[in-house]
Structure formats: C-alpha cells, structure tokens
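Undergrad: Any chance you can model this:
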Amino acid sequence: MSVARYPLPVVPPTRRLQVVRRLVAEAAAADACRHGGWRESLLVRNAAMVTLAITAGARSGEVSAIDLADWRRRRSAVVLRRDPAGRGPGFQEEQPLDDTTAALLRMWLPHRARVLATLDGGHVPALFVSLRPNSRAGVLWPAGMRLHRYGVRDAWRRTALRWHTDGEQWNWVPTRLEQLRRPEQG
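TA: Below is the predicted model:
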C-alpha cells in the first residue's frame, strides 16, 4: 500500500485548462437537454463547483458555504468565507470570476430552481444543493438541501474516476480537488 506524501503534487495550469474545457463541454451538452433529469443537473452543478474552486482557489468547505446572495453577478465575483485552519472566526473575501465560471453558474441556476421546486416550503439559501435524497448520520435529507463539503469533494472524485475509465489520456486527473485548486509553488 502506498502512502500519500503531503503536500500532494498540484496540477499545472495547462492541465487545469484541459479539465475546465472538458467540464464546460459536459455541462453544455447536459444543459442542452432542457428536460433532463438529475444526471444532467449533476454534470452542470459539478462543472460550476469545480470551475469555481479552480478559478477562486476555494476549498470544498468554502464552496459548500456559498449562498446565492454571495454571488455578485454584476461584478462577476463571489464572496468566500475563508477559515483555513477551521478553528477561528475566519474572514470574508470577494473573489473575481472569469467569464467561463460565471457562465457555468448562470447555467446552473435553472437546474437548481427545478430541484428546489420539489421541496415543500422553506427557502434554501445555498448556491449548491443536493440533487437527490441522501442520508447523513442516519438522517434522511431530501433533495435540495445545502451540499456538504464532503459532497463537493465526492462530486469531484466521482467525476475524476469516471474520466479515468474514458481512456489513458485522462488517467493523470487527480481524484482530490485540492490538487486542482492549489496554485503551483515557485
């Protein structure tokens, strides 16, 4: 059994761009199926989340904590609640978004609205929500609840593992979101 050495190697910018291009292509194809099910919404949501994490350098917990009100559409920016150590009061930081990320977020909104329409009452402020019912600690949660940080992490892991089965040209894609979002040192 091999032991991971930390810090894990990061993905170079050219490879990151390949990941973003593929995510955009999958999201665009899924969005074209306007009456698609949760699988199409999954592709659009995952593309928006991962591209946001890459461009803003956001951790999975920071992505899951984003509310719809934190997205500044006119300024094309998002407010992140940073708490790197996970122990302190943290701070808020406004991160600019590139055109691709902003377009993916706009593409995600109708899918989000469709999922939230199935809920009985209540307002969900989260930008990224679960698409299917799931359970956490033995409690059943309906679709449309805030996606937990582990949900963000697992969504990328499943995407990367699906890409690994597409052929050797995608075997280099890391299964950890951390390796994609961190900038290269040096």
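
Undergrad: part of a helix, is Arg15?
TA: Yes. Arg15 forms part of a helix when assessed by DSSP: H, G, I helix; E, B strand; the rest coil.

Undergrad: Distance of it relative to Leu119?
TA: Distance, Arg15 to Leu119, using CB to CB, to the nearest Å: 38 Å. For glycine as for every other residue, the C-beta is placed from the backbone atoms N, C-alpha and C.

Undergrad: in this structure, which spans are helices?
TA: 13-32, 38-56, 60-64, 99-116, 149-164, 177-181 (DSSP state H).

Undergrad: can you count the residues close to the closest residue to Asp67 other than its chain neighbours?
TA: Nearest non-adjacent residue to Asp67, counting by CB to CB, 6 or more residues apart in numbering: Pro125, 4.3 Å away. Using other CB atoms under 10 Å, Pro125 has 11 other residues around it.

Undergrad: Please list all residues in contact with Pro125.
TA: Applying CB atoms under 8 Å, 6 or more residues apart in numbering, we find Pro125 in contact with 67-69, 146.

Undergrad: Same list, these, but as a markdown table with pLDDT, neighbour count and distance to Val50 please.
TA: Listed next are the contacts of Pro125 as a markdown table, based on pLDDT from 0 to 100; neighbours: other CB atoms under 10 Å; distance: CB to CB, whole Å:
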| residue | pLDDT | neighbour count | distance to Val50 |
| --- | --- | --- | --- |
| Asp67 | 95 | 15 | 19 |
| Leu68 | 95 | 15 | 19 |
| Ala69 | 95 | 9 | 22 |
| Arg146 | 89 | 18 | 18 |
